[in-house]
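Chemist: predicted model follows, preceded by the sequence.
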Amino acid sequence: MKLSVEVSMYPLQDNYKPKIKAFLSRLNTDSTDVEIRTSNMSTRLFGDFDELTALLNRAMEESMREFGKIVFVCKYLEGDARELKDYD
């Protein structure tokens, strides 16, 4: 099954930018067939359900282990949102 996810990360500490960059680096380093689009407010991921959720879970867990308290806001949509008219 195809999946689209929009995720925003909110580290609950000062000096948050390096923590966000580390999370994005984890996503981009580990991804194979998942397309990742990052903007100023969120990151969107598109791909196979199992691969995408495994990638996202791994990156979130590693970030929490390294940096502590972090809020992740995720929106999941079954299917490929890139196919929706005017999605971008």
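Modeler: Structure's in. What do you need? Numbers count the residues shown, from 1 in each chain.
Chemist: surely Arg26 and Met64 touch.
Modeler: No - the criterion here is C-beta atoms under 8 Å, and Arg26 misses it with Met64 at 11.5 Å. Quick note: C-beta positions are derived from backbone N, CA and C, even for glycine.
Chemist: pLDDT score for Glu83?
Modeler: Predicted confidence (pLDDT) for Glu83: 80.
Chemist: show me which of Arg26 and Met64 is the more surrounded one.
Modeler: Between Arg26 and Met64, counted using other C-beta atoms under 10 Å, Arg26 has the larger neighbour count: 19 against 14.
Chemist: quick check: closest non-adjacent residue to that one.
Modeler: Ala59 (4.1 Å; C-beta to C-beta, 6 or more residues apart in numbering).
Chemist: that neighbour - how many residues pack around it?
Modeler: There are 24 residues near Ala59, going by other C-beta under 10 Å.
Chemist: and for Leu56?
Modeler: Neighbour tally, Leu56, other C-beta under 10 Å: 23.
Chemist: equivalent analysis for Lys2, please.
Modeler: Lys2: 15 neighbours (other C-beta under 10 Å).
Chemist: now for the longest helix along the chain, which elements pack on it?
Modeler: What stands out as the longest helix in the chain, according to DSSP state H, is helix 49-67. With contacts taken as 3 or more C-beta pairs under 8 Å, 6 or more residues apart in numbering; DSSP states H and E, helix 49-67 sits against strand 2-11, helix 17-30, strand 43-48, strand 70-78.
Chemist: residues making contact with that helix?
Modeler: 1-3, 5, 7, 9, 11, 13, 19, 22-23, 26-27, 30-34, 45-46, 70, 72, 74 (C-beta atoms under 8 Å, 6 or more residues apart in numbering).
Chemist: make it 7 Å
Modeler: With C-beta atoms under 7 Å, 6 or more residues apart in numbering as the test, helix 49-67 has contacts from 1, 3, 5, 7, 11, 13, 19, 22-23, 26-27, 30-31, 33-34, 45, 70, 72.
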